[in-house]
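>>> Predicted coordinates and the sequence they were generated for:
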Amino acid sequence: MSTFPLRIGTPDGLLYEGEVSRLVCRTISGDLAILPRHCNYCTALGMGEAHIVLEDGSRKTAACIGGMLSVMNGTCRVLATTWEWKEDIDAQRAEAARKRAEAKLAEGGLSDKEYRIVKAKLQRALVRLGVKE
């Protein structure tokens, strides 16, 4: 099986470095799959589920929330604002965040800025919960 080198990091440090056969993640313009021999490419990441397929065919899933992805000369680099592997997601914490955001939205009276912030918090919680299930 053909592979390519992948590095995944956040501002807190390196989360993954190794060979993979595929990376799938959400960009600001839709879902994207990176395969071996992908052309040079750079894009901003959106919020959504991401996964990598390792050399042995196993799959690791994560919640990816924002950042940048680049492919340069066959090497893929992901610098994510938030990248949480499925096994590291705290479902109770995400559920509590979802409930808080929904309650604030139902309450109303938010400024445009406050509304956008609460909607983003709700979306992050929903992404985490969707990945955890």
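Nice, thanks for sending it over. Everything numeric in this text was worked out from a predicted model, so none of it was measured.

>>> Let me know the secondary structure of the closest residue to Trp85 other than its chain neighbours.
Closest residue to Trp85 in three dimensions, ignoring its sequence neighbours and counting by CB to CB, 6 or more residues apart in numbering: Ala62, at 5.0 Å. All C-beta spots, glycine's among them, are computed from the backbone N, C-alpha and C. Secondary structure, DSSP: H, G, I helix; E, B strand; the rest coil: Ala62 is strand.

>>> The one 3 residues further on too?
For Ile65, the secondary structure call by three-state DSSP comes out as strand.

>>> May I have the beta-bridge partners of it?
Met47, Thr82 (DSSP bridges).

>>> Show the model's pLDDT score for it.
What the model reports as pLDDT for Ile65 is 94.

>>> which ones are touching it?
Residues near Ile65 by CB atoms under 8 Å, 6 or more residues apart in numbering: Leu45, Met47, Ala80, Thr81, Thr82, Trp83, Arg124, Val127.

>>> that older thread, pretty sure the residue nearest to Trp85 is touching Gly48, no?
No: judged on CB atoms under 8 Å, Ala62 makes no contact with Gly48 at a distance of 10.0 Å.
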